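**Student:** Got a sequence here, can you build the structure:
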Amino acid sequence: MDGLDITIRKLTAEDRSLPIDIDDTFTVNSTMVLSLKDNQIGYTLREIPAYEKSYAAKDSEETGDMGSSEYIDHPDRAIYAAFASNRAIGQIVLKRNWNQYAYVEDIKVDKQFRGHGVGRRLIEQAKLWAQGYGMPGIMLETQSNNVKACRFYESCGFVIGGFDSYLYKGIHRQSDEIALYWYLLFD
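**Tutor:** Numbering: from 1, shown residues only. Take a look at the predicted model:
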């Protein structure tokens, strides 16, 4: 798949019936162990027994179908999709958050298209969208056991701004996942 021709575009009302079926499955095999030093959050990794995870069911509850009027043609929200050979292979869902940051509600790249720069292109598009609306930066939330995603955000210039060890206990009381809040501040 080297030389993959990727197109990124904003979804419009004409895309309401566009089928987007992205396999967001990933392997969890480690988790981040957080530390705080001089008011900076750092981490080390701890290996854990491997298992597969997906956010697909959660996503459909949050955004409904991809033609949702909550995101398309809305001044403070947008969905961008990455296409290869007219097939949707990734997407990023954005909104202006209450604190004026662009908030990444969802970003995913189909499992078979990872490693080709699709996620980085989606983050670059999010930067353009946020800067175009005068936002001070981008924020997002992910889990401490989604280590590949965390390292990807870090490679894009994001830093951990905070964490919440109780956020997911409302869903699963025994959850040991920690919500991490990542920020990319514009100059």
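**Student:** now what about the longest helix anywhere in the chain, what contacts it?
**Tutor:** As assigned by DSSP state H, the longest helix anywhere in the chain is helix 118-132. Outside helix 118-132, the residues within contact range by C-beta atoms under 8 Å, 6 or more residues apart in numbering are 6, 8, 78, 80, 82, 89-92, 94, 101-102, 104, 107, 109, 137-138, 152, 156, 184, 186. Any C-beta I mention is one placed from the backbone N, CA and C, and that applies to glycine too.
**Student:** Give me the buried subset of the residues you listed.
**Tutor:** Neighbour counting by 16 or more other C-beta atoms under 10 Å classes 6, 8, 78, 80, 82, 89-92, 94, 101-102, 104, 107, 109, 137-138, 152, 156, 184 among the contacts of helix 118-132 as buried.
**Student:** Among those, which are located in strands?
**Tutor:** 6, 8, 78, 80, 82, 89-92, 94, 102, 104, 107, 109, 137-138, 184 (DSSP state E).
**Student:** While we're on Ile72, how confident is the model there?
**Tutor:** On pLDDT, Ile72 comes in at 87.
**Student:** helix/strand/coil for it?
**Tutor:** Secondary structure, DSSP: H, G, I helix; E, B strand; the rest coil: Ile72 is coil.
**Student:** Quick check: it vs Ile123, distance?
**Tutor:** 20 Å (C-beta to C-beta, to the nearest Å).
**Student:** One more: Asp187?
**Tutor:** The value you get for Asp187 to Ile123, if C-beta to C-beta is used, is 16 Å.
**Student:** Between the two, which has more neighbouring residues?
**Tutor:** Ile123 (21 against 3; other C-beta atoms under 10 Å).
**Student:** Which positions are bridged to the residue nearest the centre of the chain in the beta structure?
**Tutor:** What sits nearest the mean C-alpha location of the chain, by C-alpha atoms, centre = their mean, is Ile107, with 3.2 Å. Counting by DSSP bridges, Ile107 forms beta bridges with Ile92.
**Student:** looking at the chain, which helix or strand is least sure?
**Tutor:** Lowest mean confidence among the helices and strands of the chain (mean pLDDT, DSSP states H and E): helix 56-63, at a mean of 55.
**Student:** For the lengthiest strand in the chain, what is the distance to the chain centroid?
**Tutor:** In the chain, assigned by DSSP E, the strand with the most residues is strand 40-53. Centre-to-centre, strand 40-53 and its host chain are 18 Å apart (C-alpha atoms, centre = their mean, to the nearest Å).
**Student:** For that strand, list the C-alpha coordinates in PDB.
**Tutor:** What follows is strand 40-53, C-alpha atoms only, in PDB (Å, rounded to 0.1, in the frame of the first residue of the first chain):
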ATOM      1  CA  GLN A  40       4.500  18.000  34.500                       C
ATOM      2  CA  ILE A  41       2.700  14.700  33.900                       C
ATOM      3  CA  GLY A  42       5.000  11.900  32.800                       C
ATOM      4  CA  TYR A  43       4.600   8.200  32.300                       C
ATOM      5  CA  THR A  44       6.200   4.800  32.100                       C
ATOM      6  CA  LEU A  45       4.600   1.700  30.500                       C
ATOM      7  CA  ARG A  46       3.500  -1.400  32.200                       C
ATOM      8  CA  GLU A  47       2.700  -4.500  30.200                       C
ATOM      9  CA  ILE A  48      -0.700  -6.200  30.700                       C
ATOM     10  CA  PRO A  49      -2.300  -9.300  29.200                       C
ATOM     11  CA  ALA A  50      -3.200  -8.500  25.500                       C
ATOM     12  CA  TYR A  51      -6.800  -8.100  24.400                       C
ATOM     13  CA  GLU A  52      -8.700  -6.400  21.500                       C
ATOM     14  CA  LYS A  53     -10.700  -3.300  22.000                       C
END
